[in-house]
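Trainee: Sequence and predicted structure, then a few things I'm wondering about:
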Amino acid sequence: MGNELVSALSVQVSIIASVVSIIAVTICSVISAVITQRGAKNTKQTELIFHEMITAYYDLLRAGGEFSDVTNKEQVTRFIDAYTRALLFASPKTKELIQEYRDSITKISVLKLKPPEDFMDQVRQHEDLSTKLVQAMQKDLRK
């Protein structure tokens, strides 16, 4: 009778241990799946933001390169839209350069109508600013 009691207790302990193990494995699987889903969601969100940032910077540079007439509403609108989108993603230093870039493009476009003697110097300064802006954008994209 003593052996039967020990045997019955042993079977019950084994069953309880098996049930607890199954529950623990199930809980671990669920937790692992939730953590993986969160990580995938965060990664996807980061990828989308990065893609939008690249597009915004590219659109600004393209619109700036095409901007030639301050009286052309379509060009002005396209540039301002690209400018605004780029500001959304830019670091403080890049924002500063984007604003300088906007001012420089406007200035060059106005001066182009009646070029002063130092017009080419103004254009070189604009090109230098454009180079600094591209470098700042590249730095933002590496973060």
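Mentor: Structure's in. What do you need?
Trainee: Now do Gln99: how many residues are near it, please.
Mentor: By other Cβ atoms under 10 Å, 13 other residues sit near Gln99. (C-beta placed from N, C-alpha, C; glycine too.)
Trainee: The strand or helix carrying it: which residues count as buried?
Mentor: For Gln99, the element it lies in under DSSP states H and E is helix 92-113. Buried residues in helix 92-113, counted by 16 or more other Cβ atoms under 10 Å: Thr94, Lys95, Leu97, Ile98, Tyr101, Arg102, Ser104, Ile105, Ile108, Ser109.
Trainee: phi, psi of the nearest residue to the last one once chain neighbours are set aside?
Mentor: Excluding its sequence neighbours, the residue lying closest to Ser109 (Cβ to Cβ, 6 or more residues apart in numbering) is Val70, at 4.6 Å. As for Val70, its main-chain torsions (degrees, to the nearest 10) stand at phi -70, psi -10.
Trainee: In contact with Val70: list those residues for me.
Mentor: By Cβ atoms under 8 Å, 6 or more residues apart in numbering, the contact list for Val70 reads Val76, Thr106, Ser109, Val110.
Trainee: close enough to count as contact, the third one and Thr71?
Mentor: No. Because the distance of 9.0 Å does not satisfy Cβ atoms under 8 Å, Ser109 is recorded as not touching Thr71.
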